[in-house]
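S.K.: Return a 3D structure for these sequence lines:
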Amino acid sequence: GEMTPENRLKPGTLPSGILGNPGGLAGVWAKENSRDAIFDAIQNREVFGTSGPRIVPRFFGGWNLPTDSCERSDMVAQGYANGVPMGSDLSAMPAENSKPSFIVSALRDPVSGATPLQQLQVIKGWVNDEGEAHYKVITAAGSPDNGAGVDAGTGARKGDGHDSLCAIITDEEFQADISAYYYLRVVENPSPRWSLLDCLKFENANRPEVCKDSSRHIIQEMAWTSPIWYSPAAEN
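M.R.: Numbers count the residues shown, from 1 in each chain. Sure, this is the predicted structure:
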């Protein structure tokens, strides 16, 4: 039968440990719901993953993306027409001083009562002349300071969030001679982990030792897209 809260919270019972967060999902942007189209999308790397919620992210990069893309009903069509989707390589630079822009967009999990979105982040990674790897997190939409949180005593979420978020951002620090990658990370408002909800089923005096640090039991679910890559080799 199903494990009891007491067994789930006992150290060593779960293979992933007390901080395991099961239930991740993979998404594929296919032209149609057919085996061939799905395999084509996987081969093209137009895929994304989530930590569990059915968040829907879109991510496009290009040199001439319309600045009003988020207000347009054909945003996705514009992304394909004027840029490349997640999993692709940026095309060659059209001019010497060009800088890439990105459409970042996401819809919250559509299930009633699902956690709202908090922010969209673009993660940029690159390797400098010394061979050292670097990355930068850019908040593109929403804010980490929106006051959202979880009441550790009840497990209830608090604070406002977003049903959807969208933005157009430009890499103003772009350097044409340095390879780089970019991907979109979608972040939900804080929510209670399964472990917090299990801990709350016990009277305070009878809670297992692992329940004492409530901050360990509050998480932020996320989604991640495949990267978009830039290489100076594309200029040759």
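S.K.: can you list the weak-confidence ranges in the chain?
M.R.: Within the chain, the set of residues satisfying pLDDT under 70 comprises 1-2, 233-236.
S.K.: where exactly do the helices run in it?
M.R.: 5-8, 35-43, 75-82, 194-199 (DSSP state H).
S.K.: what's around the spatially closest residue to T170 that is not a sequence neighbour, how many residues?
M.R.: Spatial nearest neighbour of T170, excluding adjacent residues (C-beta to C-beta, 6 or more residues apart in numbering): S101 at 4.5 Å. For every residue, glycine as well, the C-beta is placed using N, CA and C. Neighbourhood size, S101 [other C-beta atoms under 10 Å]: 21.
S.K.: you'd agree S101 is up against F174?
M.R.: No. The criterion here is C-beta atoms under 8 Å, and S101 misses it with F174 at 9.8 Å.
S.K.: sorry, back to before: most tightly surrounded among the helices of the chain?
M.R.: helix 194-199 (a mean of 20; mean count of other C-beta atoms under 10 Å).
S.K.: Restricting to C-alpha, output that one in PDB.
M.R.: Output in PDB follows, covering the C-alpha atoms of helix 194-199 (Å, rounded to 0.1, in the frame of the first residue of the first chain):
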ATOM      1  CA  TRP A 194       5.400  17.300  -0.100                       C
ATOM      2  CA  SER A 195       7.500  17.000   3.000                       C
ATOM      3  CA  LEU A 196       6.100  20.100   4.600                       C
ATOM      4  CA  LEU A 197       2.500  18.900   4.000                       C
ATOM      5  CA  ASP A 198       3.500  15.500   5.600                       C
ATOM      6  CA  CYS A 199       5.100  17.300   8.600                       C
END
